[in-house]
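Asks: Everything below, folded, please.
(one chain, ligands or ions: 2)
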Amino acid sequence: MKRSTLLIGILASTSYSDAFQNAHSTRAANSFDAALGKRSREDSRLFVLSSPPQSETTNHHDEGDSDIKPPLDPLFQMDDVKDNDLYHVEDTADDDQKEPTQFAELVMEEDGEEEEPEDDFSFYYRDEDDMLTEREDRLYVDENGFRRKVERCFLVGVEALAEQRRAKWADQYYDPLNGAAGAPTFSLEESLIEMRDLIKTAGMEVTGEITQRLQDVNPRTYIGTGKVKEAQEMMEELGCTTIVFDAELSPGQQKSLENIFNRNLLNNDFLVQEREIKVIDRTALILDIFAQHARTREGKLQVDLALHEYRKPRLTKMWTHLERQSGAGGVGLRGPGESQLEIDKRLVRDRIIVLKKKIDDIQKQRSIHRRGRKRTGLPILSIVGYTNAGKSSLLNYLTRAGVMAESMLFATLDPTTRKVKLPGYRTHPEVLLTDTVGFIQKLPTNLVAAFRATLEEVQEADVLVHVIDVSNPSWEKQERAVNAVLADIGIEDKPIVRVLNKIDLLDPEDAEYLRYEAAFSDNTVAVSALYGDGLQDFVACVEDAMSDLLVPIEMEIPYDKGDDLNMIHEQGNVETIDYREKGTYVLARVPTALANRLEKYSLAGSEEPVTKEGEEEIDWVAIGRGRHSVENK
Ligand SMILES: Nc1nc2c(ncn2[C@@H]2O[C@H](COP(=O)(O)OP(=O)(O)OP(=O)(O)O)[C@@H](O)[C@H]2O)c(=O)[nH]1
Ligand SMILES: [Mg+2]
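Replies: Ligands and ions are numbered 1, 2, ... in the order given. Now for the predicted structure:
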C-alpha cells in the first residue's frame, strides 16, 4: 500500500468568541474533508503546518471545544488519522512554489467576514506577481477580456500663495518633539507628485499639466478664468476629456467648471464635435481608488456611503442642461426636471440612511470582535502610517500572510488583524497586529467621516507602530500629517514605535545616518520591511514600548489554577517563580487587565514586598527542614 504523508497543524482553539471558534472549526473541517478526498489519489501530498507549543494549546482550550484534538507529532502516518477528528490540513501539492503556511495564518481573523467567505484570503499566499496581475486585470482589462484604452487626463494644480505663507508661519512654530502643530501644508510640487501617483493608481495617465500661482483661489472656478481657457485649448489639442484638479472642489465650483468646459455641448452646438468633459477633484479620485480597492463588505459599504454623500449635493448637475435647453426655463420642462431632481435626491437620501444602518450593524459586530480580542489579553499593535509607507509589507514580513501590498496608494482599506509571534520576543511572544488604511494629506472630509469607524480600530491599540517611508522626499511632512490625524481622533498619547522604512532605497550614507539617529532614540528603528533588515531592532523596540504597559504583581497561584499561571507566562514577564506549599509564587510584570483579573491571588499585605533573595532563602530552608507544612497548619 502506498502511504502518503500528512502534515498536520492543530487548529488553534483560541479564546476568541465562540463565533470565531465555530468559524474556524468549520473551515478546518472542510479542509480536512478535502484532504481525505485526495487520499485516494496516489500523488496526493500534504504538508504540515507548524503546530503551537504544547503549553499554548492546553491553556487556550476552552471547555466547549472538546472536538479539537491536542497537538500531535508533526509528522505521522495517514493511518493514524481518525475520520472524526478535526484538523486543519494545508494542501500544497499543486504548487510547490508556495511556502508552507506559517502558524500565524491559522488564527487570523478578518473582521466582518463571516457572511462573505469568498473574501477570505487566509489560506493562500499571493506572491507579488499574482498581485500585479490582479491589478493589471482590474485596471486595464474589461469584462470581456479585452484590453481597455487607458483613460488620459489633464492635471491642474494651484499654488495658493496666501495659504503657503500661513503654512510657513505654522512651520516656524512646529515643535518636532511634541508634534503639537496641525497638519503641514505640502508644497505645490510635493502635492502634484502625490497627485500623479493617485492618478496612476486610479488607472489613468497624465497627458498634460497646468499650474497657477494665485494669491487666493478663485471661489467660482478655482483657477482664474484665463487659465480655464488655456486648459481647455490644451485639452482639445491633446484629445483629452478628463480634467483632474488637485483640490477639493465645492459642488458649486465643480458645476460651474463643468458648465464652462461643456459650454458648446450645452448650447447644442452640433457643429462642434460632442465630447463631454469630466471634471474630477481630489475627493472623486480618491473615492474611485477606494471603490476599486474595497474588499470586505464593510469596506464596500463605507465607500458606497462616501460616494453617495459626495453625489448628494452635486445632483443638480444632470438637469441643468434641461433648464438651458428651455431657454429661460420654459413651461413644461422646468416642472418635470425639478420633480425628477426631487426624486433623485430622495433616493440618494434613502440610500444613505440604509447604508448607515448597515454599517452600524457591522460595527456592532466589530465591537463584539474587539471585546473578544481584548479578552485574549494579547497586546494589540496597530500599524498606522501614510499611504504606501509599507505598512502591509511590515505585516507581511512578520506573518508572511499575503495581505495585499502593492506599489500604489490605498492598497489596504480594511483593517486586518493577525496574531503574530514576534521572533525573539520574551515579554509577549504573541501579539495581535492590525494593518490599517493609509493616511493622506488633505483627506477629503466625507471620507474621513466614512472611515472614522475604521480608524477607531486604532483606538483599541496598546501600542501604535508608525511606519514612515523615508525614501519619499516629503517623509517628514507625511509623518506630521499622520500625527495630525492621530491627534484628531484623540490617540496621540499612546506609546508609538516609529519605523523608518525603506532604508534600502536610500544612499548608503543617508541610511547609515538614519540608523545612527535611530540608535540614539528609544522609540525609533530604521528598517527595510521588504528585506527584513533591522526587524530585530523593531521587535526590541516594541518590547520596550510594551513593557511600559505592564504592572508588577506578586501572587501565589493555587496549583489547580494552572491556566492562570500560563496566562502570566504568556502575557507577562516573569522574574521569580517558586513552587510553594499552597501554590506557585510568582513575581512578574503583567498587563493591567490580567493583574486586575488575578487580583484575588495577590499576596495580601505585601505592600512592601520582601526582597527576592530573602524570600527564597527562608522558603528553601523551611522546606528543607520540613517545617514549612507545620507552620502553615
Ligand atoms: N524597496 C523597498 N520597498 C518597500 C519596502 N517596504 C515596502 N515597500 C514597497 O512599497 C510599496 C507599498 O507597500 P505597502 O506595504 O503596500 O504599503 P502600505 O503602507 O500598506 O500602503 P497602503 O495600504 O496603500 O496604505 C510596495 O510596492 C512595497 O513593495 C522596503 O523596505 N523597501
Ligand atoms: Mg497596505
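Asks: What residues are bridge-paired with E209?
Replies: L155 (DSSP bridges).
Asks: Neighbours of A167, how many?
Replies: Residues lying near A167 (other C-beta atoms under 10 Å) number 18. Where you see a C-beta, it was placed from the backbone N, CA and C, and this is true even at glycine.
Asks: Would you agree it is in contact with P184?
Replies: Yes - at 6.9 Å, A167 counts as touching P184 under the criterion of C-beta atoms under 8 Å.
Asks: where along the stretch 201-350 of the chain do the strands fall?
Replies: Taking DSSP state E, counting those that start in this stretch, the strands of the stretch 201-350 of the chain run over residues 204-214, 242-245, 278-280.
Asks: who wins for proximity to ligand 2 among these?
Replies: strand 204-214 (21.3 Å; C-beta to the ion).
Asks: Pull out the buried residues from the closest one.
Replies: Buried residues in strand 204-214, counted by 16 or more other C-beta atoms under 10 Å: 204, 206-210, 212, 214.
Asks: again with stretch 245-264
Replies: 245-249, 253-262.
Asks: And the strands of the stretch 201-350 of the chain: which comes nearest Q363?
Replies: Minimum separation from Q363 across the strands of the stretch 201-350 of the chain (C-beta to C-beta) falls at strand 278-280, 30.3 Å.
Asks: Could you chop this protein up by domain?
Replies: Following automatic domain parsing, one gets these domains for the chain: 5-107, 150-353, 377-547, 550-632.
Asks: Show me the least confident stretch of these, going by mean pLDDT.
Replies: Ranked by mean pLDDT, those end with domain 5-107 in last place, scoring a mean of 40.
Asks: just to revisit the earlier point, the buried residues of strand 204-214 into JSON lines, with extra columns for distance to A545?
Replies: Below are the buried residues of strand 204-214 laid out as JSON lines (distance: C-beta to C-beta, whole Å):
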{"residue": "M204", "distance to A545": "41"}
{"residue": "V206", "distance to A545": "42"}
{"residue": "T207", "distance to A545": "47"}
{"residue": "G208", "distance to A545": "48"}
{"residue": "E209", "distance to A545": "43"}
{"residue": "I210", "distance to A545": "47"}
{"residue": "Q212", "distance to A545": "46"}
{"residue": "L214", "distance to A545": "45"}
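Asks: Nearest to I503 among these?
Replies: Closest approach between the buried residues of strand 204-214 and I503, by C-beta to C-beta: V206, at 29.7 Å.
Asks: which non-adjacent residue is nearest that closest one?
Replies: Leaving out its chain neighbours, the residue that sits closest to V206 by C-beta to C-beta, 6 or more residues apart in numbering is L155, at 5.2 Å.
Asks: Could you measure from that neighbour over to ligand 2?
Replies: Note on L155: its distance to ligand 2, by C-beta to the ion, to the nearest Å, is 25 Å.
Asks: Near M234, how many residues? Count them for me, please.
Replies: 16.
Asks: Double-check it against I210; I have them as touching.
Replies: Yes - M234 is within contact range of I210, at 6.8 Å (criterion: C-beta under 8 Å).
Asks: got the residues of the stretch 251-400 of the chain near ligand 1?
Replies: Within reach of ligand 1 by C-beta under 6 Å from any ligand atom, the stretch 251-400 of the chain has these residues: 385, 387-393.
Asks: Tell me where the stretch 401-550 of the chain has helices.
Replies: 445-459, 475-488, 508-520, 535-547 (DSSP state H, counting those that start in this stretch).
Asks: If we check ligand 2, which of the buried residues of stretch 245-264 are in contact?
Replies: When C-beta under 5 Å from the ion is applied, no member of the buried residues of stretch 245-264 is adjacent to ligand 2.
Asks: E556: which of those residues is nearest?
Replies: E248 (61.6 Å).
Asks: Enumerate the residues of the stretch 251-400 of the chain near ligand 2.
Replies: Counting by C-beta under 5 Å from the ion, the stretch 251-400 of the chain sits next to ligand 2 at 391-392.
Asks: where's the residue in the stretch 251-400 of the chain that ligand 2 sits nearest to, which helix or strand?
Replies: Nearest residue of the stretch 251-400 of the chain to ligand 2: S392, at 3.2 Å (C-beta to the ion). Element membership for S392 (DSSP states H and E) is helix 391-399.
Asks: Just read off the phi/psi values of the nearest residue to G534 once chain neighbours are set aside.
Replies: Closest residue to G534 apart from its sequence neighbours, by C-beta to C-beta, 6+ apart: V527 at 3.6 Å. Backbone geometry at V527, expressed as degrees, to the nearest 10, gives phi -140, psi 170.
Asks: Can you get me a residue count around V527?
Replies: The number of residues near V527, taken as other C-beta under 10 Å, comes to 27.
Asks: what helices or strands is the top helix by length along the chain leaning on?
Replies: If you go by DSSP state H, the chain has its longest helix at helix 334-376. On a contact count with 3 or more C-beta pairs under 8 Å, 6 or more residues apart in numbering; DSSP states H and E, helix 334-376 meets helix 18-38, helix 297-311, helix 317-325, helix 445-459.
Asks: how about a cut-off of 10 Å?
Replies: helix 18-38, strand 109-110, helix 297-311, helix 317-325, strand 380-385, strand 416-421, strand 430-435, helix 445-459 (3 or more C-beta pairs under 10 Å, 6 or more residues apart in numbering; DSSP states H and E).
Asks: so which of the buried residues of strand 204-214 comes closest to ligand 1?
Replies: Ligand 1 has its nearest neighbour among the buried residues of strand 204-214 in M204, at 17.5 Å by C-beta to the nearest ligand atom.
Asks: Would you mind stating the distance between the closest residue to S602 other than its chain neighbours and ligand 2?
Replies: Distance criterion C-beta to C-beta, 6+ apart; nearest residue to S602, sequence neighbours excluded, is M555 at 5.4 Å. From M555 across to ligand 2, the span is 41 Å (C-beta to the ion).
Asks: from what I can see M555 touches L565, true?
Replies: Yes - assessed by C-beta atoms under 10 Å, M555 is found in contact with L565 at 9.2 Å.
Asks: Give the residues shared as contacts by these two.
Replies: Common neighbours of M555 and L565, using C-beta atoms under 10 Å, 6 or more residues apart in numbering, are 583-584, 586, 598, 601.
Asks: and those as CSV, adding secondary structure, neighbour count and distance to ligand 2?
Replies: Listed next are the shared contacts of M555 and L565 as CSV, based on DSSP: H, G, I helix; E, B strand; the rest coil; neighbours: other C-beta atoms under 10 Å; distance: C-beta to the ion, whole Å:
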residue, secondary structure, neighbour count, distance to ligand 2
G583, strand, 18, 47
T584, strand, 19, 43
V586, strand, 24, 40
L598, coil, 19, 37
Y601, helix, 21, 42
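Asks: Much appreciated, bye for now.
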